[in-house]
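Colleague: Sharing a model prediction with you, sequence too.
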Amino acid sequence: MPVILAYAVACLLYGLISWHFWRTQWSPVSQRKGDAPAAEWERYALLAPLCLHGYTLYQSVFSGEGLNFGVGSAVSSIVWLTASIYWLSGFFHRFEGLQTLVAPVAAVAVLLPLAFPSLRPLANTEFPAFKAHISIAMLAYSLLTIAAFHALLMAVVERRLHRPSMPAVLAGLPPLLTMEKLLFRVIWVGFVLLTLTLLSGIVFSEEVFGQPLKFTHKTLFGIISWAVFAALLAGRQLYGWRGRIAVRWTLTGFVILLLAYLGSKFVLEVILKR
C-alpha cells in the first residue's frame, strides 16, 4: 500500500470509529435500548487504523538515514502509543467507548508527519544510549498522556454524577474510587519512566559529548514536571490526596511536560525552521 494512501485510510477509519461511538456510546442511558455490552467487533475496531498508523510512523521516522523525528512524528508517536495502550487496557478494564476520546485526536495526529515533516535526521542516532532515551521518553509521555485523559474523564464523571441522564459510556465506567486507583498506578509507572528519561539524558550527554547535561529550557521544564508528579505521589502517600486535587496536579504536570519537549521542538522546527 502506498504510504500516502495509508495516511488517508488510517485517518478515515479513525473518523468512522469516532462517529460510530459518539452516536452510540455517548447517547444518554435512558435513550438506549437496554444496557447491552459493546459488540465484539467494537473491541477490535481500533486495531486496523492502529496498524496503519504504526506503518505510517515507521515510514516517516525510519525513512532514509538516521531517525527523522520531527515535531509531527513526535506528537503522532505519542498519540499512537496512547491509543494502543488504551485499546489494550480495554480488554482488562471497563473502558468500552473511550475510543471516542482517543480516535478523533488520532485522526488528526496520523496526518501530522505530513503537515510538519522532519527538517533533518536526528544526530547521534547510532548511540545505544540515545535510542534508549528516545524509547523511554516516548513511553513516559504516552503514559502521562493517558493519566491526563484519565484525570479529565474523572472530572467529567464527578461533575455529571448527580444528573438524571448520563452518557452510556460514562455510566458504564468503574466507580470513581477504582478509576482513581488506576490513575495513580498509571502515574507511578509514567513517573518511573520519566525519571529514567532524565537519567538516560544525562548518560547520553556524557557518552556523546563527554560533558554534563546542559541546563536548557527542555531540561528545566522536564525537571519541574518531574517535581510536580513527585509532589503528587508524595501527597497521595502522606496526606491521602485524591479527587480534584489529584486531577489538578496531574493536568499541571502534564502541561509542563508538553512544554518541556513538544513546546521547544515546535518553536525550533515550526516557527524558527531550525
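Modeller: Noted; the coordinates are in hand.
Colleague: Verify the stated contact: I134 with S73.
Modeller: No. In this structure, I134 is not within contact of S73 by CB atoms under 8 Å, at 11.1 Å. Every residue, glycine included, has its C-beta placed from N, CA and C.
Colleague: residues touching L81, list them.
Modeller: By CB atoms under 8 Å, 6 or more residues apart in numbering, the contact set of L81 is M138, L139, S142.
Colleague: so after whichever helix or strand I187 is part of, what's the next helix or strand?
Modeller: Secondary structure here is read from DSSP states H and E; on that basis I187 sits in helix 176-209. Using DSSP H and E, the helix or strand that directly follows helix 176-209 along the chain is helix 217-239.
Colleague: just to revisit the earlier point, tell me which of the contacts of L81 is nearest to V255?
Modeller: Using CB to CB, the shortest approach to V255 within these belongs to S142, at 15.9 Å.
Colleague: could you dump stretch 60-72 to CSV, C-alpha only?
Modeller: What follows is stretch 60-72 as a C-alpha-only set of coordinates in CSV (Å, rounded to 0.1, in the frame of the first residue of the first chain):
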residue,chain,number,x,y,z
SER,A,60,8.2,8.7,8.4
VAL,A,61,10.6,8.1,11.2
PHE,A,62,12.9,5.4,9.6
SER,A,63,12.9,6.6,6.0
GLY,A,64,16.4,7.5,4.9
GLU,A,65,19.5,7.6,7.2
GLY,A,66,19.0,8.2,10.9
LEU,A,67,15.8,9.0,12.7
ASN,A,68,13.5,11.6,11.1
PHE,A,69,11.9,12.6,14.4
GLY,A,70,10.3,16.0,13.9
VAL,A,71,7.5,17.6,15.9
GLY,A,72,4.9,15.9,13.7
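Colleague: Would you mark the buried spots in the helix or strand containing T82?
Modeller: Assigned by DSSP H and E, T82 belongs to helix 71-89. Burial within helix 71-89, assessed by neighbour count using 16 or more other CB atoms under 10 Å, is assigned to 71-87.
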